[in-house]
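Trainee: Dropping a prediction and its sequence here:
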Amino acid sequence: MKPFKHSFSVYFFIFLAMVCPLLFSCGKTKDVPQEITRLRAHQWYYFTHRGFYPIDLPQNAPEVAEKPWTEAIRISAAGNNSSDNCALVNRLGILDFTTGKPELFRDIMLFDDVTADTLIFTKDGPVFHIYKNTHFNQQEPSNLVTRQNQEVDSFTHPLLVRYDRKQKLCTQVLTYGNMNIPLDAQLTSIIPQNDIWIGAIKTIRDDVVNFKYITFEALDKDGTIPDASRKVIPTTEIDADSFRQAQKPTPLKDAPALLQQLFAQVPESFEFYLSCREEGELAPILYDNTKNQSPTGGYLAQGWGYLSPAGASALFSDGTVYISKSLLVDTTKAESAKATDVPTSPLTGGVIAFRLPKLPSGFSYGEFTVHENTLYAGWEETDFYKTARSGFIAVDLSAIGKQL
C-alpha cells in the first residue's frame, strides 16, 4: 500500500523512499548479523512478462527496460492468513506459495494495463486493489465492457478483486459502479480500517488535478466483502486532514510483545517505520519507531514485518532480518525433535538476526511472507522512481536455524 498519492510531489518522496537504501545500517547492533550466502539455503528467481524463472544471481537476470514502479513487473505486496499465502505481482498476477512451492496464476486481461496493490486477506481469500496511474498510463483499461449503446459500463470496471486459490480465478468484488465513481476518475488509494474503508479519488479535468476523500462500508461483520452486484454503496466525504490522520502509524511500543521483542537489543538510534502483517488480520499495520514522527504525513515503510502465533520476523531493504528462533525450527520434524531443540514459546525462545545475500548496488529487497519454513522476499532493481529487473528469493529458514 502506498500512502498519500494525492500529489506528484508526494509521488516523488514515495519513489525516493522505495528505491533509496536505508540511511541507517540495520546491522548496528551489538553483534553484526551474519550474511547467509555461504549457507547455500536460498534460491533466486526473476520475473519476465511470461512468468518467473530460477537464476544464480539477480544481476544475471536478462536486462529489461526501466518503467515507473506503478507500471513495472514487481512484487507490490505479500502476506498470508491461516489458509492463503501469496504475493501480488504488478502487471503479472498472483504468486501463490500455499502449496509449499511458488506458483504463478496470470490474468492477462486483468493485470495487463493497471496497477495492482493493497493486498488484504478476508475470510473468503486475498483481495487486492487495482487502478490506473494516469500520470504514466494513458491507456484505456482492456477489462471494461461496453453496452449496446457503446457506453462503458462502470459496473464492469473492477476496483477490488478477489483471488480464489481453489478455482485459480480472480473475480471482481467491488467496481467503480458500486462506488458511483465516474470512469474519468481513479480511486488511487484504499485503506481498510476497522469497520470502514478510506479512499482517495483522483480526477483530472482540463489539466487540473483534484482529489476527493471518502469513507465507506464494504465488510460484513464476519470480515467478508458481500457481493454488491449492481448496487451502489453509500459513501461519506471527508477532508484531506481526516484522510491523513487515518493513516497515522501506531507507536512500536504499542505493538504485540512478540514484535517488540525483535528489536529489544537494537539501539534507540535505529529509527524506522515498519509495515507489519499479523496473521488473521485484514491489512498490515504501520508501526512508528521514530523520535520525531512526520507532522504532515507521508509515513514511509522502511521495513516489513510478519507476526503469527509461531513467531515474528522483520526484513529491511538492505536484507537485514530479525526473526524469532521459533521460526527457524523445522516444523516438519518438530514432533520428533527433542524438547530442548524446540522453543516452548516464541517469547522465551529468543531472537536471531542475519542478512540475506547482499544485492548489487541499485538493487533492494521488498515485501516478504513466510510459509512454513520458507521466507519469500521480493527484490528489484531501481533507479529513482523506476524499476527494471525484479524477482524474489526463497530462503530455507530451517537450514538457517541449523547452521547459525
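Mentor: Nice, thanks for sending it over. This structure is a prediction, so every number in the text was calculated from the model and none was measured.

Trainee: Every contact and neighbour count from this point should use C-alpha atoms.
Mentor: Fine.

Trainee: Show residues contacting stretch 304-315.
Mentor: 258-259, 262, 274-279, 303, 316, 321-327, 346-347, 366-370 (C-alpha atoms under 8 Å, 6 or more residues apart in numbering).

Trainee: Can you show me the helices along the protein?
Mentor: Using DSSP state H, the helices of the chain run over 8-19, 108-111, 240-246, 257-261, 346-349, 397-403.

Trainee: If you average pLDDT over each of those, which is lowest?
Mentor: For these, the weakest mean pLDDT is recorded on helix 8-19, namely a mean of 36.

Trainee: The residue nearest to Ile393 when sequence neighbours are not counted: what's it in contact with?
Mentor: Leaving aside its sequence neighbours, Ile393 sits nearest to Trp44 (C-alpha to C-alpha, 6 or more residues apart in numbering; 4.6 Å). Trp44 sits next to 54-58, 391-394 when contact means C-alpha under 8 Å, 6+ apart.

Trainee: and with 7 Å instead?
Mentor: Contact analysis of Trp44 by C-alpha atoms under 7 Å, 6 or more residues apart in numbering lists 54-58, 392-394.

Trainee: right, and Phe155 touches Gly177 too?
Mentor: Yes. In this structure Phe155 lies within contact range of Gly177 using C-alpha atoms under 7 Å: 4.3 Å.

Trainee: any low-confidence regions in the stretch 101-250 of the chain?
Mentor: The model of the stretch 101-250 of the chain has pLDDT under 70 over residues 136-152, 222.

Trainee: one more time with 50
Mentor: Across the stretch 101-250 of the chain, the ranges flagged by pLDDT under 50 are 144-150.

Trainee: Strands of that one, start to end?
Mentor: With DSSP state E, counting those that start in this stretch as the criterion, the stretch 101-250 of the chain has strands at 103-106, 115-122, 125-131, 158-164, 169-175, 185-193, 196-205, 208-216, 235-238, 250-251.

Trainee: now the ones you listed in CSV, with mean neighbour count?
Mentor: Listed next are these as CSV, based on neighbours: other C-alpha atoms under 10 Å:
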stretch, mean neighbour count
strand 103-106, 18
strand 115-122, 24
strand 125-131, 23
strand 158-164, 21
strand 169-175, 19
strand 185-193, 21
strand 196-205, 18
strand 208-216, 16
strand 235-238, 14
strand 250-251, 14
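
Trainee: Where do the strands of the stretch 301-404 of the chain begin and end?
Mentor: 303-308, 311-316, 320-324, 351-355, 363-371, 374-383, 386-396.

Trainee: What strands line up against the fifth one, and which way round?
Mentor: Yep, that's strand 363-371 we're talking about. Applying DSSP bridges to the sheet, strand 363-371 is found paired with strand 374-383 (antiparallel).

Trainee: For stretch 91-105, C-alpha coordinates in CSV please.
Mentor: C-alpha atoms of stretch 91-105 as CSV (Å, rounded to 0.1, in the frame of the first residue of the first chain):
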residue,chain,number,x,y,z
ARG,A,91,1.3,-6.4,-14.2
LEU,A,92,1.5,-10.2,-14.0
GLY,A,93,-0.7,-12.0,-11.5
ILE,A,94,-0.8,-13.8,-8.1
LEU,A,95,2.3,-15.7,-6.9
ASP,A,96,0.8,-18.4,-4.7
PHE,A,97,3.0,-20.1,-2.0
THR,A,98,0.2,-22.0,-0.3
THR,A,99,1.2,-25.5,-1.6
GLY,A,100,4.8,-25.1,-0.4
LYS,A,101,6.3,-24.1,-3.8
PRO,A,102,5.8,-20.8,-5.7
GLU,A,103,3.1,-21.0,-8.4
LEU,A,104,2.1,-18.1,-10.6
PHE,A,105,-1.5,-17.5,-11.7
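
Trainee: Buried residues in that stretch, which are they?
Mentor: Neighbour counts over stretch 91-105 (16 or more other C-alpha atoms under 10 Å) mark 91-98, 102, 104-105 as buried.

Trainee: Sort out for me which of those are in strands.
Mentor: If you go by DSSP state E, the buried residues of stretch 91-105 have 93-96, 104-105 in strands.

Trainee: For the residue nearest to Ile393, name its beta-bridge partners.
Mentor: Ile55, Ile393.

Trainee: on that earlier part again, okay if I get the strands of the stretch 301-404 of the chain as TSV plus distance to Pro249, mean neighbour count and mean pLDDT?
Mentor: Formatted as TSV, those follow (distance: least, C-alpha to C-alpha, whole Å; neighbours: other C-alpha atoms under 10 Å; pLDDT from 0 to 100):
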stretch	distance to Pro249	mean neighbour count	mean pLDDT
strand 303-308	13	23	95
strand 311-316	17	26	97
strand 320-324	21	25	97
strand 351-355	24	21	96
strand 363-371	18	25	97
strand 374-383	23	23	97
strand 386-396	27	22	98
